[in-house]
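Colleague: Next input, structure requested:
(chains A, B, C and D)
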4 protein chains.
Amino acid sequence: MSPSERRFVIRLGCPDRTGIVARIAGFLAEHGGWIVEAGYHTDPNTGWFFTRQEVRADSLPFGIDELRRRFVAVADELGSRTDWRVSDTGERRRVVILVSKESHCLHDLLGRVGSGELDVDLRAVIGNHPDLGPITEAHGIPFHHIPFATDPDAKTAAFQQVRELVETQDPNAIVLARFMQVLPPELCAAWAGRALNIHHSFLPSFAGARPYHQAYERGVKLIGATCHYVTAELDAGPIVEQDVIRVDHTDDVADMVRKGRDIEKIVLARGLRAHLEDRVLVHGRRTVVF
Amino acid sequence: MSPSERRFVIRLGCPDRTGIVARIAGFLAEHGGWIVEAGYHTDPNTGWFFTRQEVRADSLPFGIDELRRRFVAVADELGSRTDWRVSDTGERRRVVILVSKESHCLHDLLGRVGSGELDVDLRAVIGNHPDLGPITEAHGIPFHHIPFATDPDAKTAAFQQVRELVETQDPNAIVLARFMQVLPPELCAAWAGRALNIHHSFLPSFAGARPYHQAYERGVKLIGATCHYVTAELDAGPIVEQDVIRVDHTDDVADMVRKGRDIEKIVLARGLRAHLEDRVLVHGRRTVVF
Amino acid sequence: MSPSERRFVIRLGCPDRTGIVARIAGFLAEHGGWIVEAGYHTDPNTGWFFTRQEVRADSLPFGIDELRRRFVAVADELGSRTDWRVSDTGERRRVVILVSKESHCLHDLLGRVGSGELDVDLRAVIGNHPDLGPITEAHGIPFHHIPFATDPDAKTAAFQQVRELVETQDPNAIVLARFMQVLPPELCAAWAGRALNIHHSFLPSFAGARPYHQAYERGVKLIGATCHYVTAELDAGPIVEQDVIRVDHTDDVADMVRKGRDIEKIVLARGLRAHLEDRVLVHGRRTVVF
Amino acid sequence: MSPSERRFVIRLGCPDRTGIVARIAGFLAEHGGWIVEAGYHTDPNTGWFFTRQEVRADSLPFGIDELRRRFVAVADELGSRTDWRVSDTGERRRVVILVSKESHCLHDLLGRVGSGELDVDLRAVIGNHPDLGPITEAHGIPFHHIPFATDPDAKTAAFQQVRELVETQDPNAIVLARFMQVLPPELCAAWAGRALNIHHSFLPSFAGARPYHQAYERGVKLIGATCHYVTAELDAGPIVEQDVIRVDHTDDVADMVRKGRDIEKIVLARGLRAHLEDRVLVHGRRTVVF
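Modeller: The predicted model follows:
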């Protein structure tokens, strides 16, 4: 990454009022900050203001710690409910992936990492089945197999092991790439805003198990996939990305499963990219994706 | 319509077995029948066979009544559960449209009829509000205003009036073009397989009232529309056509309503065309659309 | 339109440098301007900066003339190549539509105007054939029939008549809604940035005559439509909006024409809306659509 | 593959006339043939009839050789221009892939083969650069590096080597998965109907080099990809599959390249599947994809 490509990303949400843009832009201009990309949005229903700005790191006379220190005053002026973060694109994002047996999302992510398209530090893949170990390791990524027995105590222990493995890596994103175990509430809480799931339906249709079977039974003419943040309520977290593909009467459940895979992997990759580029601001059950 | 364009359409469903195609095709070939378009499908889950065939009317040495008479023997050979129909594209389809205040679907259908794209005999438009009378009449189509009071008895009486008006026209299709009254079960039964509704969501998501508000609350990234046959269970009838359009955080409910209209009118027009061309075969809750 | 809904729209383009956002936002904040929507973009290839901002009219202590007067100083500071405009959403946009015989785009636009979805002052429809007069007049819009003979002198005279009729209305948009005459270069120049055409292909594929025939011959699997500004080079102006629809081997040219109409009318309506909301900034052959 | 899943696929094209369906279906019924899937199409412009039928192998009292022998009489009756083939889904399809440096299509195909979704015998990957060797070999597939020098004689020799390697495998499909060398006419001829290319544009727009740069310059609002059979005329062969994805002014060339990859790999995978399932019938420059 050349110095001109390294950027500081400011994300901020607060109740809307006049002068917010001027205050932030004025602060940046005062220090020579070069805004490379800027998004602004006000939700007319909630009166909440959202912004995301990318500033060339080399245009500022100080580093990210000083930027954060100085930004406190700006944020304070915007009110006590202001919620903000500053991140540095120069820090490679750390990612951990959880899988079961279905391989298409993992293959897709490994391919994107391998080709450099997704420039992340993929720390580990954790599977509750051993099946996807070899392909993971062929890409030079550590694979951890943690079996999940069905009795509750064993499951709790297994999740505890997963948690430790994940948190050791301090990941920016925990990706449930067709991981077929329901996260317990305490993990949902611990990983809030960092755990992304891909659900194989166009939510809120067909939440829960076997969505393609449900779609087939209902006779829908499009099937879809949804990338969302994991919350304690199953398949009900804030949606980051969705897409659909057309099916017709010639498609049985197996065809839907096959066609759906292409949508799942693309929707997951798009959602993950938006998350890692700090483009997603969550507000209640909705997301702003700049 | 030139004689070579007039066609007899055979639709048939029966339990699958060998020789069905041969039996039907053999029957047609025996009489010189020229098959212009043919669709075949077997549902592997139910073992049900479906076919639709278009035969040039002028290739057969007899008319539709004789075709029907002779086809009885073919159908009988295919088993007692065989369900079949023969129709004539030379008979213009009769259509009645029910509306309330929302005009976009009506405008769209009137435009298609006016330009000749949808070559039907549009017998009447019935509205529970008077608002869409003038535009209907400007297109030379009779408009009937039947007010719906809110007390149950008045509503029953109003539906009785609607029923009489509709059934006088013996329509091939009754189109609920954003008609905001729920049909009573007896009308659903009487019009089964002929009444098409457009629902302004991607069903089964957001059935019932105010689907765009529901979609906004849930924060979905695509909104849709569904054309389905009306059944006694609200918004649960067999789906003929669906489509979606992308939305994002900048779209509030009013934007979704506006963008959704374009999908609604197109999905309704496609579904209606498929229905009027006898392309839809219903089997349980699913449709085969040839 | 309630006072809080009336907005001033600032559009500006200039070479990128630091401090532009701060300068504009600072100017607005100084006068209490409430920014309702703001878009920013820098084209990394040309180094050109683009912005569009919507400010609540009632948040400023002065009207649009004073806003324009005061904005001159801001723009001057941003350099001599700065190109800017301020418009008022409280002024209804004036629109003139040119048509030939194809009715679907006109039906669609009349429906949108009639339902209030497209809140414009539709001043006139001009046709080189009389066919679309009755439906236009049924909507209460004046229709002018100007026949186009084939000899060059008569054509020149006809275009002169069209020009006078159009310019009398001082329109914000001149919409070529499947108008089948090629505008002479002097009209392209006179109406630059205001004349929008809908071409029935996914440009740059299939420019010129009979695009659906070309698409059929080439055997493409998707057909499209393109809304673009009219320039002297045929079908080569800056593109505002495009979309496509899937076709397959069962679609002959007539089917493509029919399916294409749905895309044409929607793409035209979207492009026109973006133009009338002052969302389109043209830079060379490309557009920024905020 | 269970016996009931093994199928014989009959593909046939001939001038249309009455009785074709009856003749083929009658022949199959006579021997107890169970038709699992059947497609029929007549091109009204050329009067050419196309059919594809899947018959359960275990429903016939003979094997594929005897089926072919007996079918000769059927085909002869349909006229001397009849073009037909019978294939056996029980024979695994042999595939060879040609690549350069771009890895996304190869990653995607390897993932599909590895997961069993694409159940083929992937015989070899040949690259004119060594870069994609390791990932190919990690999947257990032989990789051959054949360097292409720029002088014409060396290039001819390199293509000769490629040809020998490919033809040794007698492949059903030769996949150009972003292979950046133009096949010489003699190879196009030798591999006609078996060599599939993925071109990174929505053809016929942007044929030739650097299509995303061309798309960016033209300012299109959608970019696409095209899977087509290779012919001697560059990027002009019969199209099997196409798709597009939306872009806007915020996407520079690098973004288009990235977004386009997802479309390329999916379009290639769909086109290849259709080809390997013997679903594609080529007629002149157009394809019928059953």
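
Colleague: Now the element after the longest helix seen in chain A, going C-ward?
Modeller: Longest helix in chain A by number of residues (criterion: DSSP state H): helix A:253-276. Per DSSP states H and E, the first helix or strand lying C-terminal to helix A:253-276 is strand A:280-283.

Colleague: In space, what's closest to A:Thr250 - neighbours in sequence excluded?
Modeller: B:His41 (6.3 Å; C-beta to C-beta, 6 or more residues apart in numbering or on different chains). For the C-beta atoms, the positions are set from N, CA and C on the backbone; glycine is no exception.

Colleague: give me every residue that touches the one you found.
Modeller: A:249-250, B:49-51, B:288, B:290 (C-beta atoms under 8 Å, 6 or more residues apart in numbering or on different chains).

Colleague: returning to that earlier point: the longest helix of chain A and chain C in contact?
Modeller: No: against chain C, helix A:253-276 shows no contacts by C-beta under 8 Å from any C-beta of the partner chain, the least distance being 14.1 Å.

Colleague: Flag every buried residue along that helix.
Modeller: A:253, A:256-276 (16 or more other C-beta atoms under 10 Å in any protein chain shown).

Colleague: Now, the contacts of B:His41 that are in strands?
Modeller: B:49-51, B:288 (DSSP state E).

Colleague: filter those residues down to the ones near chain A?
Modeller: B:50, B:288.

Colleague: follow-up on the earlier one: list just the nearest of the contacts of B:His41 to C:Glu37.
Modeller: Closest approach between these and C:Glu37, by C-beta to C-beta: A:His249, at 43.8 Å.

Colleague: Can you give me the distance of that closest one to B:Leu272?
Modeller: According to C-beta to C-beta, to the nearest Å, A:His249 stands 18 Å off from B:Leu272.

Colleague: Kindly report the same for A:Val240.
Modeller: 36 Å.

Colleague: Tell me the residues of the stretch 151-290 of chain A that contact chain D?
Modeller: Applying C-beta under 8 Å from any C-beta, we find that the stretch 151-290 of chain A lies next to chain D at A:250, A:258, A:261-262, A:266, A:269.

Colleague: could you redo the last one with a cut-off of 10 Å?
Modeller: With C-beta under 10 Å from any C-beta of the partner chain as the criterion, the stretch 151-290 of chain A meets chain D at residues A:245, A:250, A:257-259, A:261-263, A:265-266, A:269-270, A:273.

Colleague: Check these and tell me the two furthest apart.
Modeller: A:Thr250 and A:Arg273 (33.4 Å).

Colleague: For the stretch 101-250 of chain A, which residue gets nearest to chain C?
Modeller: In the stretch 101-250 of chain A, the residue that lies nearest chain C is A:Arg246 (7.6 Å; C-beta to the nearest C-beta).

Colleague: Next up, the contacts around that residue.
Modeller: Counting by C-beta atoms under 10 Å, 6 or more residues apart in numbering or on different chains, A:Arg246 touches A:221-223, A:259, B:242-244, C:246.

Colleague: if you set the cut-off to 6 Å instead, what comes out?
Modeller: Contact analysis of A:Arg246 by C-beta atoms under 6 Å, 6 or more residues apart in numbering or on different chains lists A:Leu222.

Colleague: mind checking pLDDT for it?
Modeller: A:Arg246 is assigned 97 on the pLDDT scale.

Colleague: before we move on, the earlier item: so which elements touch the longest helix of chain A?
Modeller: helix A:104-114, strand A:195-199, helix A:211-218, strand A:222-229, strand A:239-246 (3 or more C-beta pairs under 6 Å, 6 or more residues apart in numbering or on different chains; DSSP states H and E).

Colleague: same thing but 7 Å
Modeller: Judged by 3 or more C-beta pairs under 7 Å, 6 or more residues apart in numbering or on different chains; DSSP states H and E, the packing partners of helix A:253-276 are helix A:104-114, strand A:173-176, strand A:195-199, helix A:211-218, strand A:222-229, strand A:239-246.

Colleague: and the angle from that helix to strand A:195-199?
Modeller: For helix A:253-276 against strand A:195-199, the angle by axes from the mean of the first three to the mean of the last three C-alpha atoms, to 10 degrees is 160 degrees.

Colleague: Name the SS class of the closest residue to A:Ile10 other than its chain neighbours, please.
Modeller: Nearest residue to A:Ile10 in three dimensions, chain neighbours excluded: A:Gln53, at 4.7 Å (C-beta to C-beta, 6+ apart). Here A:Gln53 takes the strand state, with states given by DSSP: H, G, I helix; E, B strand; the rest coil.

Colleague: give the contact list for A:Gln53.
Modeller: A:10, A:24, A:35, A:38 (C-beta atoms under 7 Å, 6 or more residues apart in numbering or on different chains).
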